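Got a sequence here, can you build the structure:
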Amino acid sequence: MAPASQWIVLAHILRPQGRKGEVLADLFTDFPERFDQHPHVWLAPPGYADQHAGDAASASAQQAEVAAHWLPVGKNAGRIVLHFAGIDSIEKAERLAGKEVIVPLTERLPLETGAAYISDLVGSTVYDRDVALGVVESVQFPTSSDGTRRLEEAAPLLAIRSPEGDEILIPFASAFLLELDLAAKSIRMALPEGLTEINRTHPATDD
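Purely as a prediction, here's the structure:
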């Protein structure tokens, strides 16, 4: 059996966002505010956490410090904008594209009872009672209209890809949850009638 990874992926950097070195990233943590309290992270190539399971950091991973962060709205809702100390231009930000933001497993923040990490939810199959809806591709967090504050009272949304290729957004709310089996990558829910169709987005097709 392969050793378990000793690293946690918090975000995957996509591209520059802004003119002062900011980058846009896919968010893989339930706690974006953790960057305020724990700004020190590592930047590593894709797949580093799995390839270096059980290992200390190698030369291909560099330490970095998050100087600022915020949650965007619109088409990038659910992602995060990060600004690292010393990255002050578009050119420097471009060199970070594709890297993963990671921290040691020992720095993983504790969860409340019944909560789960995004990394544990992604890849899970979601069931409405006994009907499989699809697989979780990402988790989105509702934010205030200016994107600066996460709405703590609003349930995160599971972005599910159905077998037909549709995207379905399902509130990850305790009121709907029947069973959460992280080891089996299974999320069983009892959803209100019609919710899946209301929150279903069909893929675009050519005329």
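
Break down this protein into its strands, ranges please.
7-16, 23-27, 40-44, 62-70, 79-84, 100-104, 125-128, 131-140, 157-161, 167-171, 177-181, 186-189, 200-201 (DSSP state E).

Could you check the third one and say which residues are buried?
Residues of strand 40-44 classed as buried under the neighbour-count rule (16 or more other C-beta atoms under 10 Å) are 41, 42, 43, 44. C-beta: built from backbone N, CA, C; applies to glycine.

and what of the fourth one?
Of the residues in strand 62-70, 64, 66, 67, 69, 70 count as buried by neighbour count, 16+ other C-beta under 10 Å.

Tell me where the model's unsure across the protein.
1-5, 52-57, 59, 111-115, 144, 146-152, 203-207 (pLDDT under 70).

Spatially central residue (nearest the centroid) of it, please.
By C-alpha atoms, centre = their mean, the chain has its centre lying nearest to residue 28, at 2.4 Å.

mind listing what that one touches?
Contact partners of residue 28, counting by C-beta atoms under 8 Å, 6 or more residues apart in numbering, are 9, 10, 11, 12, 118, 119, 122.

on that earlier part again, could you dump the buried residues of strand 62-70 into a markdown table and include distance to residue 181?
Listed next are the buried residues of strand 62-70 as a markdown table, based on distance: C-beta to C-beta, whole Å:
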| residue | distance to residue 181 |
| --- | --- |
| 64 | 35 |
| 66 | 33 |
| 67 | 39 |
| 69 | 32 |
| 70 | 34 |
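
okay but residue 182 is in contact with residue 116, surely?
Yes. Between residue 182 and residue 116 there is a contact under C-beta atoms under 8 Å: 6.3 Å.

The two: which has the busier surroundings?
With neighbours defined as other C-beta atoms under 10 Å, residue 182 and residue 116 compare such that residue 116 has more, 16 against 12.

In contact with that one, which residues are there?
30, 180, 182.

follow-up on the earlier one: just put the strands of the chain in JSON lines and tack on distance to residue 110.
Output for those, formatted as JSON lines (distance: least, C-beta to C-beta, whole Å):
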{"stretch": "strand 7-16", "distance to residue 110": "13"}
{"stretch": "strand 23-27", "distance to residue 110": "19"}
{"stretch": "strand 40-44", "distance to residue 110": "18"}
{"stretch": "strand 62-70", "distance to residue 110": "20"}
{"stretch": "strand 79-84", "distance to residue 110": "21"}
{"stretch": "strand 100-104", "distance to residue 110": "14"}
{"stretch": "strand 125-128", "distance to residue 110": "25"}
{"stretch": "strand 131-140", "distance to residue 110": "19"}
{"stretch": "strand 157-161", "distance to residue 110": "22"}
{"stretch": "strand 167-171", "distance to residue 110": "24"}
{"stretch": "strand 177-181", "distance to residue 110": "17"}
{"stretch": "strand 186-189", "distance to residue 110": "21"}
{"stretch": "strand 200-201", "distance to residue 110": "35"}
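
Good, wrapping up.
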